[in-house]
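> Any chance you can model this:
(chains A and B)
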Amino acid sequence: SQTIHQWPATLVQPVGSPLSLECTVEGTSNPNLYWYRQAAGRGLQLLFYSVGIGQISSEVPQNLSASRPQDRQFILSSKKLLLSDSGFYLCAWSVWGSTEAFFGQGTRLTVV
Amino acid sequence: GESVGLHLPTLSVQEGDNSIINCAYSNSASDYFIWYKQESGKGPQFIIDIRSNMDKRQGQRVTVLLNKTVKHLSLQIAATQPGDSAVYFCAENTRQNFVFGPGTRLSVLP
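Predicted coordinates for the structure are as follows:
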C-alpha cells in the first residue's frame, strides 16, 4: 500500500533561519508531488508541484523553494525564513489521471 | 487568478439532520470537482469527486451536485454525525493540479 511521510510534525524557527521540510512517498512510482500551505483558519494554497525528478513548478512567488532529488522525495526549503512563512505545510501525492490527492499529516511551522 | 471559493465559512448542524455545504468555482475548464474533509491537525482526506460532465454523484451518506450553469458545487451529508465535524474543502482538478477553496467548518451539535 502507498504511504506518505512528512516531517517534522511541528517546528519553531527564528526569523532569518533556514528551513528544510522533507516528504517521501512509498509504494508508488513517478507520483505527482505537491506542497501546500494552509494559514490558520484558511484554505490550502498550492506552492509547488512536481511531475518528475528535477521538475518543479511554482505557483506563487515567495520566499520558498522546492526540490525533487529522487522520484519519491520532495523537499521544501528556505534560505531565510520570514514571519509570514508561518503556517501548516502539507505534502501530497497523486498519480496521473487520478482525481484523488493523498496528503501527509502536515508540518506546523511557527517562525518567531 | 481563477479560484474555487465557498459561500459559508461555518455551518452548525444538529446531529441527525442533513448538511449542505456549498462551493462556487470560476474555472469552467476543470475536469473534476472534488470534496475533501480535514480533521483538526491532519491532512485533508478525499470524500467524493464528480466529473465535469455529470450533475450528480452519490456515495455513502454523501451526495455531490454540480450545476455548471451557475458554477456551483454542493456536498450533502445525510444524517450528520459527530464524526462529520471537520473542515470541508471543495477543489478542482485541472491538468493534474488541485486548486482548493477556502473551506467550510462543519460543527455537529448534540
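
> Bridged to the nearest residue to residue A:65 once chain neighbours are set aside, which residues?
Using CB to CB, 6 or more residues apart in numbering or on different chains and skipping the chain neighbours, the partner closest in space to residue A:65 is residue A:77 (5.2 Å). For the C-beta atoms, the positions are set from N, CA and C on the backbone; glycine is no exception. Judged by DSSP bridges, the bridge partners of residue A:77 are residue A:20, residue A:65.

> Confirm for me that residue A:77 is in contact with residue A:67.
Yes. Counting by CB atoms under 8 Å, residue A:77 does reach residue A:67; the two are 6.8 Å apart.

> Comparing these two, which residue is more hemmed in?
Neighbours per residue, other CB atoms under 10 Å in any protein chain shown: of residue A:77 and residue A:67, the larger number sits with residue A:67, 16 against 13.

> distance of that one from residue A:22?
In this view, residue A:67 and residue A:22 are 10 Å apart by CB to CB, to the nearest Å.

> residue contacts, the residue nearest the centre of chain A?
With distances taken as CA atoms, centre = their mean, residue A:35 lies nearest the centre of chain A, 3.1 Å away. Contact analysis of residue A:35 by CB atoms under 8 Å, 6 or more residues apart in numbering or on different chains lists A:21, A:23, A:46, A:47, A:48, A:49, A:66, A:74, A:76, A:89, A:90, A:91.

> out of the residues you listed, which touch chain B?
Filtering those for neighbours of chain B using CB under 8 Å from any CB of the partner chain leaves A:46, A:49, A:90.

> Any chance you could give me the helix or strand that contains the last one in CSV, C-alpha atoms only?
Remark: residue A:90 resides in strand A:87-94, with elements defined by DSSP states H and E. What follows is strand A:87-94 as a C-alpha-only set of coordinates in CSV (Å, rounded to 0.1, in the frame of the first residue of the first chain):
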residue,chain,number,x,y,z
GLY,A,87,1.6,28.1,8.7
PHE,A,88,0.7,24.5,8.2
TYR,A,89,2.6,22.9,5.4
LEU,A,90,1.1,19.8,3.6
CYS,A,91,2.8,17.5,1.2
ALA,A,92,0.6,15.5,-1.1
TRP,A,93,0.9,13.0,-4.0
SER,A,94,-1.3,11.8,-6.7
